[in-house]
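Novice: Next input, structure requested:
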Amino acid sequence: EVQLVESGGGLVQPGGSLRLSCAASGFTFSNYAMSWVRQAPGKGLEWVSAIKSGGGSTSSADSVKGRFTISRDNAKNTLYLQMNSLKPEDTAVYYCAKYLGRDYGLGYDYWGQGTQVTVSS
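Specialist: Numbering: from 1, shown residues only. Coordinates of the predicted model:
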C-alpha cells in the first residue's frame, strides 16, 4: 500500500522558516518524481515544486522561487521542502504527491494527507 505522510507544518512568523518532510512507503521511492502542492484557505490547488526521481533536477513555482527548496533522500524514502522567508500568503495545507513516473508532468497517482502551514504574527 502506497503511503505518503507529511510532517513539519506549524505556526511561524513572517520571515521565518520551516522544513516539511514527506515519508514515503509502499513503492520504490527512487523510481518516481515527487512534488509539493498547496491549497490556501478558500482557494484551489497550487503546484509548488517538483523533483525528478534521481534528485538532480528540480522545478519551482515563481511564487516560491528563491525561498523554497525541494530535495529528497532516496536512501531514507523521504521528500523535503525547506521553506525560508515565509510570507502570510504561504499559509496553506501542503501536500506531497507522487508522479506516475521518473519525470514530472505525467500526473499524480497518490497524495498525502497534508500538513498545515500558517504564517502569521
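Novice: Run through the residues that contact L79.
Specialist: By C-beta atoms under 8 Å, 6 or more residues apart in numbering, the contact set of L79 is S21, C22, A24, M34, W36, I51, I70, S71, R72, C96. In short, each C-beta sits where N, CA and C put it, glycine included.
Novice: Inside strands: which ones of those?
Specialist: Residues of the contacts of L79 located in strands (DSSP state E): S21, C22, A24, M34, W36, I51, I70, S71, R72, C96.
Novice: how near is the residue nearest the centre of the chain to S121?
Specialist: For the chain, the residue nearest the mean C-alpha position is W36 (2.6 Å; C-alpha atoms, centre = their mean). Note on W36: its distance to S121, by C-beta to C-beta, to the nearest Å, is 24 Å.
Novice: quick one: E89 is in a strand?
Specialist: No. Applying DSSP: H, G, I helix; E, B strand; the rest coil, one finds E89 to be helix, outside a strand.
Novice: And it, how close does it get to Q113?
Specialist: Distance, E89 to Q113, using C-beta to C-beta: 23 Å.
Novice: Quick one: buried ones out of the ones in strands among the contacts of L79?
Specialist: Neighbour counting with 16 or more other C-beta atoms under 10 Å marks S21, C22, A24, M34, W36, I51, I70, R72, C96 as buried within the ones in strands among the contacts of L79.
Novice: Skipping its backbone neighbours, what lies nearest the last one in space?
Specialist: With sequence-adjacent residues excluded and distances taken as C-beta to C-beta, 6 or more residues apart in numbering, C96 is closest to C22, at 3.5 Å.
Novice: residue contacts, that neighbour?
Specialist: Contacts for C22 (C-beta under 8 Å, 6+ apart) come out as L4, V5, E6, S7, M34, W36, T78, L79, Y80, L81, C96, G112.
Novice: roughly how far out does stretch 60-76 sit from the chain middle?
Specialist: Stretch 60-76 sits 7 Å away from the centroid of its parent chain (C-alpha atoms, centre = their mean, to the nearest Å).
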